[in-house]
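Trainee: Need a 3D model of the following:
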Amino acid sequence: MLPAPPLDSLPPVMAHRGLSARAPENTLAAVRAAHAAGCRWVELDVQLLGDGTPVIWHDARLNRCSHSRGRLADLDRQRARRVDAGSRFAPRFRGEPMASLEAMLALVETLGLGLNLEFKLHRGRDPAALVDTVLPLVERCLPPSRWLASSFDRRALHALRRHRPDPHRLRLGVIDKRLPRRWREEVHELGAFSLHLDWRRLREPQARAVAASPCRLVAYTVNQPRIARRLYAWGAASLISDDPLALTDIK
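Mentor: Numbers count the residues shown, from 1 in each chain. Now for the predicted structure:
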């Protein structure tokens, strides 16, 4: 089993939705591929089906990552089991299931991986229900040093912090497309551990300001070595990448 990092650290690279450049995103296969490639942490998305079952899935709909159609919010556990989440990526992944949170956590725990779990909220979904369902399941499987709860949705982040006021018991990652104007205030209010920003909209002074603060800078989605080198030079603590193998030995 891989050693867990200290509570104050993150790995240099996290595998985005598993090793999504080489396996269908957010699947058990993608996480196994990430582990086989030597990745220490994976970034995954969690949301609820219509019946409240937590699953690992990014989009509000099924269309992009499967041959099924419709909204995730209209599925129950039984119908979700019939979704083929692999063959659209490549024929060899035919029959790869939509991963339940429970199955994914069991795999992450078995492989000794760290987890950056994004709490995904699409329009009309309830952040409190997502947090109330997911948080206890993750905490039963992983210690605070082995996972990070992240989200674009501030309601979800505040709900998480209300459940766990101690930032040493729950590390929060604030995700945004660009650096918020009030980022220092937001980080302070949430007791956030990290700030996750789109590298394409990030400028050097902004990156260095975050890196110099108590908050760690995480940049997404970085797949080019030259970009990775630039971001590390600016002070990024961790990068999220579709293909971490492309960034090997950069830091």
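
Trainee: Which residue is the nearest non-sequential neighbour of Arg178?
Mentor: Arg201 (4.2 Å; CB to CB, 6 or more residues apart in numbering). All C-beta spots, glycine's among them, are computed from the backbone N, C-alpha and C.

Trainee: For Val174, give its distance to Lys251.
Mentor: 23 Å (CB to CB, to the nearest Å).

Trainee: Please report the number of neighbouring residues for the residue nearest to Arg178.
Mentor: Neighbourhood size, Arg201 [other CB atoms under 10 Å]: 11.

Trainee: thinking it is in contact with Pro180, fair?
Mentor: No - if you go by CB atoms under 8 Å, Arg201 and Pro180 don't touch, sitting 11.5 Å apart.

Trainee: so where's the chain uncertain?
Mentor: Applying pLDDT under 70 to the chain flags the ranges 1-7.

Trainee: just the helices in it please.
Mentor: Listed in chain order, the helices of the chain (DSSP state H) span 28-36, 77-80, 101-111, 127-141, 154-163, 183-190, 204-212, 225-234.

Trainee: Excluding covalently adjacent residues, which one is nearest to Ala103?
Mentor: Looking at Ala103 with CB to CB, 6+ apart, the closest residue is Leu28, at 6.5 Å.

Trainee: what residues are up against the one you found?
Mentor: Leu28 is in contact with Glu96, Pro97, Ala99, Ala103, Met104, Leu107, counting by CB atoms under 8 Å, 6 or more residues apart in numbering.

Trainee: same question, Asp74
Mentor: Here Asp74 is in contact with Gly50 (CB under 8 Å, 6+ apart).

Trainee: Asp76 versus the residue sitting nearest the centre point of the chain, what's the distance?
Mentor: Nearest residue to the geometric centre of the chain (CA atoms, centre = their mean): Glu43, 3.2 Å. Distance of Glu43 to Asp76, given as CB to CB: 27 Å.

Trainee: Tell me how many other residues crowd the closest residue in space to Arg22 that isn't next to it in sequence.
Mentor: If the residues on either side of it in the chain are set aside, Arg22 comes closest to Ala33, at 5.5 Å by CB to CB, 6+ apart. When neighbours are counted by other CB under 10 Å, Ala33 registers 20.

Trainee: Kindly report the same for His168.
Mentor: 12.
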